[in-house]
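>>> sequence first, predicted coordinates after that:
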Amino acid sequence: MADSQDNVLTLLKKSEEFLKKKNIPSARLDAEILLADLLKIQRVKLYVDFERPLSVSEKDEYRERIVQRSKFRPTAYIIGRKAFFDSEFQVNESVLIPRPETEELVAWVLEEYSEKASSLNALDLCSGSGCIGISLAKARQNWQVSFSDLSAEALEINRKNIQEILNSQDRSELFQGDLFSSLPPEKTFDLIVSNPPYIPESEKPSIMPDVAEYEPHLALFVQDFENFHKRILIEALPFLKPSGTIYLETHPKYAGWLKETALSLGYSEAISKKDLSGRDSFVRLKRA
């Protein structure tokens, strides 16, 4: 007869208590996600069969996962996947973990480009896992979506997600390089969407250890926000078709600066949009 100490409910409680002692903010949720993934069941089903005993090997693997989480390693990196929009993306330490705020950016683009829109060329700049561009391509079957990232390791994850989620690379191209440097000069886009690095390095000490100690600093932090983003705005112009549009996720502190700078560089329209927390996290810029 299985020991009651080995069942789902007891192990969840113990794991939650352990993670709380280590100051993990979402202890119960993380314990559930890690166990459900290990058992290959939906999280809600943990409570349908909460007396289920775990085997020795399952307990050992679960314990290892909990220990990793207690050291602030993100749950998404432990299980290697993260839900975003209406898909699940492969992730590892070479890419940022997709966030709910970025889902809002994708939703904004899709709201403004209806399903009836003609075939468009889009670029996911600083693409990381590819979550933005892949979500757009999945929702708009007649779009051609390209991806650009400086990191070869990130593009490999991007490529795997394209194959897994879109089941094809026929509508996609990947380019490795600093911003637009690897794109053919004749390439042009109707829209460019990007979640580039935008956290000033001066803010590193205030960033949670889950992020600062594990996620790629190349994709998070920028030494000089204004110079880097001015480069994006200037270098994007020759790749944008007339009336082409850029959507950026950004630091709320710099949304106003981005709009003013874009207009000074010749963009014809610049607006910001608040996220669900009321912060100016997104801007839309239109080429004249």
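The structure has been received and is ready for your questions. Note that this is a predicted model, so its numbers are computed, not measured.
>>> which stretches in this structure count as strands?
Along the chain, counting by DSSP state E, strands occupy 81-84, 87-90, 121-125, 144-149, 172-176, 189-194, 199-200, 221-222, 240-249, 267-274, 280-287.
>>> dump these to CSV, plus distance to residue 13 and mean pLDDT.
Every C-beta, even on glycine, is put in place using the N, C-alpha and C of the backbone. Formatted as CSV, the strands of the chain follow (distance: least, Cβ to Cβ, whole Å; pLDDT from 0 to 100):
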stretch, distance to residue 13, mean pLDDT
strand 81-84, 25, 95
strand 87-90, 27, 96
strand 121-125, 42, 96
strand 144-149, 42, 96
strand 172-176, 45, 94
strand 189-194, 43, 96
strand 199-200, 36, 90
strand 221-222, 38, 92
strand 240-249, 38, 95
strand 267-274, 39, 95
strand 280-287, 37, 96
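>>> reformat the ones you listed as TSV; add mean neighbour count.
Output for those, formatted as TSV (neighbours: other Cβ atoms under 10 Å):
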stretch	mean neighbour count
strand 81-84	18
strand 87-90	19
strand 121-125	25
strand 144-149	24
strand 172-176	18
strand 189-194	23
strand 199-200	17
strand 221-222	19
strand 240-249	20
strand 267-274	16
strand 280-287	21
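>>> got the ones you listed as JSON lines, with distance to residue 108 columns?
Output for the strands of the chain, formatted as JSON lines (distance: least, Cβ to Cβ, whole Å):
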{"stretch": "strand 81-84", "distance to residue 108": "15"}
{"stretch": "strand 87-90", "distance to residue 108": "18"}
{"stretch": "strand 121-125", "distance to residue 108": "14"}
{"stretch": "strand 144-149", "distance to residue 108": "16"}
{"stretch": "strand 172-176", "distance to residue 108": "22"}
{"stretch": "strand 189-194", "distance to residue 108": "9"}
{"stretch": "strand 199-200", "distance to residue 108": "21"}
{"stretch": "strand 221-222", "distance to residue 108": "23"}
{"stretch": "strand 240-249", "distance to residue 108": "7"}
{"stretch": "strand 267-274", "distance to residue 108": "6"}
{"stretch": "strand 280-287", "distance to residue 108": "6"}
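>>> please identify which of those is closest to residue 210.
strand 81-84 (12.9 Å; Cβ to Cβ).
>>> residues making contact with that closest one?
Identification of contacts with strand 81-84 by Cβ atoms under 8 Å, 6 or more residues apart in numbering yields 37, 76, 88-91, 97-98, 102-103, 129, 131, 135.
>>> next one: it to chain centre, how far?
In this view, strand 81-84 has its centroid 8 Å away from the chain centroid, taken as Cα atoms, centre = their mean, to the nearest Å.
>>> adjacent strands (with direction) for it?
strand 87-90 (antiparallel) (DSSP bridges).
>>> skipping its backbone neighbours, what lies nearest the residue nearest to the spatial centre of the chain in space?
Note on the chain: the residue nearest the mean C-alpha position is residue 98, at 2.2 Å, using Cα atoms, centre = their mean. Excluding its sequence neighbours, the residue lying closest to residue 98 (Cβ to Cβ, 6 or more residues apart in numbering) is residue 84, at 3.8 Å.
>>> so what's the residue count around the nearest residue to residue 126 once chain neighbours are set aside?
With Cβ to Cβ, 6+ apart as the criterion, residue 126 has its nearest non-adjacent residue at 4.3 Å, and that residue is residue 196. Neighbour count for residue 196, taken as other Cβ atoms under 10 Å: 18.
>>> measure residue 196 to residue 143 for me?
21 Å (Cβ to Cβ, to the nearest Å).
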